[in-house]
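1. sequence unknown, structure follows:
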């Protein structure tokens, strides 16, 4: 399972996000999607942690938290719907 992290500052790096979530457990993977055309960050990311308990602890603690001048939106990621045309 992954965690969706939204409303991020466009200056956030993979390392920044990893550091924040490491406080709640073992981070397996961090992803920050970028715009295909501009290659600029899109303002959201995904974090995968080692256990569901760690994910729940991070979600509970970080959802609505102020970080880098923005109020983060943190919840369980919805399964990807791969219906691209």
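-> Now that the structure is in, tell me what you want to look at. In this text, all values refer to a predicted model and were calculated from it rather than measured experimentally.

2. need the longest helix for this structure.
-> helix 52-62 (DSSP state H).

3. now what about the next helix-or-strand element following that one, what contacts it?
-> Remark: after helix 52-62, the chain's next helix or strand is strand 66-67, criterion DSSP states H and E. Contacts with strand 66-67, where a contact means C-beta atoms under 8 Å, 6 or more residues apart in numbering, come from 9, 20, 72. Any C-beta I mention is one placed from the backbone N, CA and C, and that applies to glycine too.

4. what distance separates the helix or strand that comes right after strand 66-67 from the centre of its chain?
-> Sequence-wise, the next helix or strand downstream of strand 66-67 (DSSP H and E) is strand 70-71. Distance of strand 70-71 from the chain centroid (C-alpha atoms, centre = their mean, to the nearest Å) equals 13 Å.

5. OK, contacts around residue 49?
-> 3, 21, 24-28, 55, 58.

6. Right, I'll call it a day here.
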